[in-house]
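Colleague: Dropping a prediction and its sequence here:
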Amino acid sequence: MNLRFKTLIIVGASLICLIIILYATAQMELRNSFSKLEEQDTQNNVLRVQNAINSELASLGDLADYWAARNDTYDFIKTGNIYFIDYNIASGSLTNESLNNTGVNLILFMDSIGQIAFGRYLNASGKAEDIPQGFIDQLSLYGFCPGCFDKQSKFSGIIMLSNMSMLIVTQPITGSKRYGPPSGRVILGRYLTDNEVGKISETVQMSLAIYPIQSNRMPADFRQVKSLISDDVPILVRPLDQGTIAGYTLLKDIYGKPLLILRVDTPRDIFRQGTASMQNFIIIFSVAGLIFLILTLVYLDRSILSHLSNLTAGITRISKSQNMSFRIKEQGKDELSNLANSINSMLSALEEAHKEQRTSEKRYRAVVEEQPDLICRNLVDGTITFTNDAFCDFFSMHLEEIRGGDMDQLAEEGHLKPPLELKSILSPDSPTFTYECQSILPSGTHWLQWTSHGIFDESGNLVEIQSVGRDITELKMMQEALMQSERRLADIIDFLPEALLAIDLEGKVIVWNKAMELLTGFKAEEMLGKGNYEHSLPFYRIRRPILVDMVLTPYKDIEREYFNIQKDGTTVLGETFIPTFGQGGSYLLGKATALWDASGQIVGAIESIRDMTDRRLMEQKLERSRAELHIAAAIQRRFIPEKIPVIPGFEIAAVSIPAMEVGGDFYDFIPLPEGRYGLVIADVAGKSIPAALFMALSRTIIRANVAHQSRTSDVLKNANNMIASDATAGMFVTLLYGILDGETLSFNYADAGHPPPLLFRAGIEVLVEEPVTGIALGAKEGAIYEESTIKFSPGDVAVFYTDGVTEAMNTKGEMYGQGRIADMVSRSRQMSAEMILRRLQSDISSFSSGREQNDDITMVVLKACRHLEKHSELCVRSIKEAIPLINAFLDDIMSCSGFGKKEISEVQLAVEEAVINIIHHGYRGSEGSIHLKCDFRDGCQKIVIEDSAPPFDPTTYSMPDLASDLELRRIGGLGIHLIKSLTDGLKYEFRDGKNRLIMMKKSQD
């Protein structure tokens, strides 16, 4: 089939399809549009007919209104004077002819009670008749009866009388004045006869048909639509035939009930016009398509087909001549000319490629000749047709000896397979075959890998065999070494201490080492090669996936059985508890990962399994021990005082720090009569809960005896007897109990084997050591204890401690010792008891360098002081004789704060200089008052000097030039310089009308 015929078929078929699509679209769209337009027109016609009927009712109503508005009509109904009737008959208003002319079939004048005053009735033919009694009865059914209508209302509509439809109106008779009560009612009726319907039809210029809704003579189309018309569909439109369309609606009586069914017939001009327009459109489009088809064929023939014919002729000429130098003649500048140009370019490229092919053949022949692989070709009968130099060199033969020789000879020596065997193997579907041979040559034994390729003719017959051989001797040796290495690796895996198992991609066991045998009790011979999850039987006793299977296939449900599961690529680490493995179950830690081959492909998975049961049980035991330690610590904290009592004359600070293994250290303060307090510090033998309970018992016994014994020695004696009588072997407590008296600044105590307090006297650098007396409570029943008394002076410091302080160790194994306590307290004794304790804690922590301590650390720091409330303020007159009193006040205050004599003298000299300045330069000889306030906090003494002299800031004076001549030196500033040099801070302020000079003096460590 040529291109011209193909184009004709394609364009013609496209045109026909387009016409069909357009026709179908027009049928759906245009036909629907015209149908809707036709339906709307029909509905409008129905409405016009309804309006015409309403117009008839309106004209009839106007006539009724004429009679009702006449005064004589009003009087006639009121008086019953027959003159009204006679006159109107004589004048022709109520004659039969007049009623026929006005289209009135019924006229009734009724009085106010519904009685007919006058009536005239014309039948449907226009002849006068008496009003039938049945006719009156029918009117009453529609409400034309006494009292049925509102006398003031007007009514109009359609009713059925004697099976005939009648247009009827009623008007109240009111006279011309139209006010006041009506005297009666006038009723006019007109039969809706065929003539009347014809008149309406002529008026609207349409064909009408009206039938009672209950009529049995109703045509079939009326019966079909009667039930379809409703309030939602008041007008129903249906085509009667190709030329007529009908609109149906219901005409209702005066009460709104369906009475008649109306049909309006309309010619289908719109439908016929739409159909004609659609046909004309299709004809015009078909003609245009035919013209387009003809023009397309003409253009195709002249623009494409002629050029294609020339192009085909040129290609045919080149094909027959096989001359790549010929070229196709190019015409024009369109796509076909571009195609000709491309063909010429292709011919040029083919010509160049042909030349390169010849050169390449020569080059590749040289490459084959120089190829290190052995290459040979032979016929099916074994005749050798080609060999390269490498083949000849390998077999130590000349080219002339081999070419034309027989391949069977080499095959007999085992160098390669014979041609007949290869012929049975090679086929067109499988033309290549690879095999290995071992060649024994004078140079040694060699392994050759041969790839034989069959060359077949068109009939599929083998005509020649090409074989390429490669010396793989080194590769074989490497493979052998690799196999030996793999065997050694397998031996290593087999004897690794970790239990190992491995599976392949099919889930079969490929590794089950000795450690796994010991772990599970299953031998490798029983497991190797087994699949279907049999490797899980030693653990779970059922077949199911384990961790090694999750590497190859995800198992979300199984994964939830492992806790602390971790994933990193193909590696999975997790631990699980298997109740069926071992006695009482076992905790197993598994780590599985993928096995890869040399090409990077996953070939299986391996898992190492470690039995963690002993470790987990130990951890659980340790956790229980920790819980016990927490309980013991809670007990110990429960019996340590929450608050340090305020004891007049003493500053007290205390701490108890539980060790890693909770011991039984505690301290206690027991209130006694006369404001005294009992001080207890103790160290119970043992650790954990027993020590904590023994501590609680010891504290309770001491408190019980303190309540009944006033002497400290008796308290310890009775407590020892009580503890020794019930204590088990090895349970005892070292304890020191004493009574603090703030009034006398004394401490009377008895010691039961506990380290005595370290006493630091104020102003003396030497440590005073108290002797150790008595044995531990509970060690021996009936022991006697001695009493000792320490008399404190203000500033004295005593440190009570347990052996956990002196035995605190650092990372080198050195103990903290008593010497470090003494050194730290000596450097901190001027500070408060709280600060001394904090510095001791900090120094112990720095010494231990974070090492866990094995014993509790308990310390109580006691510092004696006076009641400074009475002596912290002093007020004197501004006279020199007050200076000794001021010096005595400062000595008393600062000695209580732990300052040395040198520091006190410096402050006294500075205050004296300031007071002298106030006397001479402030008050200028007049008498005033000088007020001193002292406060000691955080190792710093604050002295505030207040006076009421005129404002004067001595700190504004600059430092004098001490190097200048004394006679030339400016007076002033030397005293302030002296004060500044003797104190650690100086500040002036004027507040509340007073000068305030503030001096600061820090204690020396």
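Modeller: Good, I have the coordinates.
Colleague: Is Ala779 in contact with Thr734, as I believe?
Modeller: No - with contact defined as CB atoms under 8 Å, Ala779 does not reach Thr734; the gap is 9.2 Å. The way it works is simple: take the backbone N, C-alpha and C, and place the C-beta from them, glycine included.
Colleague: These two - which one has more neighbours?
Modeller: Thr734 (24 against 20; other CB atoms under 10 Å).
Colleague: that older thread, what touches both of Ala779 and Thr734?
Modeller: Residues touching both Ala779 and Thr734 by CB atoms under 8 Å, 6 or more residues apart in numbering: Gly753.
Colleague: quick check: domain ranges of the protein?
Modeller: 69-200, 206-267, 371-471, 494-611, 639-864, 869-1002 (automatic domain parsing).
Colleague: hang on, Ile425 packs against Thr432?
Modeller: No - assessed by CB under 8 Å, Ile425 is found out of contact with Thr432, at 9.8 Å.
Colleague: and the domains of the chain as JSON lines, adding mean pLDDT?
Modeller: Compiled in JSON lines, the domains of the chain are given as follows (pLDDT from 0 to 100):
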{"stretch": "domain 69-200", "mean pLDDT": "79"}
{"stretch": "domain 206-267", "mean pLDDT": "86"}
{"stretch": "domain 371-471", "mean pLDDT": "85"}
{"stretch": "domain 494-611", "mean pLDDT": "89"}
{"stretch": "domain 639-864", "mean pLDDT": "85"}
{"stretch": "domain 869-1002", "mean pLDDT": "83"}
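Colleague: Of these, flag the one that's most buried.
Modeller: domain 639-864 (a mean of 19; mean count of other CB atoms under 10 Å).
Colleague: what about that one, distance to the chain center?
Modeller: 59 Å (CA atoms, centre = their mean, to the nearest Å).
Colleague: swap in stretch 110-128?
Modeller: Here stretch 110-128 shows a centroid-to-chain-centroid distance of 93 Å under the convention CA atoms, centre = their mean.
Colleague: picking up where we left off before, tabulate the domains of the chain in a markdown table, adding columns for distance to Glu623.
Modeller: A markdown table is the format used below for the domains of the chain (distance: least, CB to CB, whole Å):
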| stretch | distance to Glu623 |
| --- | --- |
| domain 69-200 | 103 |
| domain 206-267 | 84 |
| domain 371-471 | 65 |
| domain 494-611 | 14 |
| domain 639-864 | 14 |
| domain 869-1002 | 44 |
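Colleague: who wins for proximity to Val287 among those?
Modeller: domain 206-267 (27.2 Å; CB to CB).
Colleague: What's the end-to-end length of the closest one?
Modeller: Domain 206-267 has an end-to-end distance of 9 Å (CA to CA, to the nearest Å).
Colleague: Quick one: distance of that domain to the chain centre.
Modeller: That offset, for domain 206-267, works out to 69 Å (CA atoms, centre = their mean).
Colleague: and what of stretch 38-58?
Modeller: Stretch 38-58 sits 69 Å away from the centroid of its parent chain (CA atoms, centre = their mean).
Colleague: List the buried residues of that stretch.
Modeller: Across stretch 38-58, burial judged by 16 or more other CB atoms under 10 Å covers 38-39, 41-43, 45-46, 49-50, 52-53, 56-57.
Colleague: What separation is there between Met722 and His931?
Modeller: 58 Å (CB to CB, to the nearest Å).
Colleague: got it, and Leu416?
Modeller: Taken as CB to CB, the span from Leu416 to His931 is 127 Å.
Colleague: cool, Thr203 as well?
Modeller: From Thr203 to His931 the distance is 130 Å (CB to CB).
Colleague: Equivalent analysis for Pro132, please.
Modeller: Taking CB to CB, one finds Pro132 at 141 Å from His931.
Colleague: Please apply the same query to Glu335.
Modeller: 118 Å.
Colleague: Likewise for Gln583?
Modeller: 88 Å.
Colleague: so Phe990, which of the three states?
Modeller: strand (DSSP: H, G, I helix; E, B strand; the rest coil).
Colleague: check contacts around it.
Modeller: Phe990 makes contact with Pro951, Asp953, Arg996, according to CB under 8 Å, 6+ apart.
Colleague: what's the answer for Thr275, then?
Modeller: Thr275 neighbours (CB under 8 Å, 6+ apart): Arg31, Phe34.
Colleague: now Gln908
Modeller: Ile886, Asn887, Leu890, Asp891.
Colleague: switch the cut-off to 7 Å
Modeller: Asn887, Leu890 (CB atoms under 7 Å, 6 or more residues apart in numbering).
Colleague: Could you shift the numbering so residue one becomes 77, and keep it that way?
Modeller: Yep, numbering from 77; the last one is Gln984 now.
Colleague: In a helix, it, correct?
Modeller: Yes - counting by three-state DSSP, Gln984 falls inside a helix.
Colleague: Now Arg196: closest residue in space, sequence neighbours ignored.
Modeller: Of all residues not flanking Arg196 in the chain, Ile183 sits nearest, at 5.3 Å (CB to CB, 6 or more residues apart in numbering).
Colleague: if you go through the stretch 277-426 of the chain in chain order, where are the helices?
Modeller: Here the stretch 277-426 of the chain has its helices, by DSSP state H, counting those that start in this stretch, at 296-302, 345-376, 382-397, 411-446.
Colleague: Show me the contact partners of the first one.
Modeller: Applying CB under 7 Å, 6+ apart, the external contacts of helix 296-302 come out as Tyr287, Ile289, Leu312, Arg314, Leu316, Tyr324, Ile337, Arg339.
Colleague: Could you pull up the residues touching the third one?
Modeller: Remark: with contacts taken as CB under 7 Å, 6+ apart, Leu312 is in contact with Val301, Leu304, Ile305, Tyr324.
Colleague: Surely Pro257 is in a strand?
Modeller: No - counting by three-state DSSP, Pro257 is not part of a strand but coil.
Colleague: For Ile153, see how far away it is.
Modeller: Going from Pro257 to Ile153 by CB to CB gives 11 Å.
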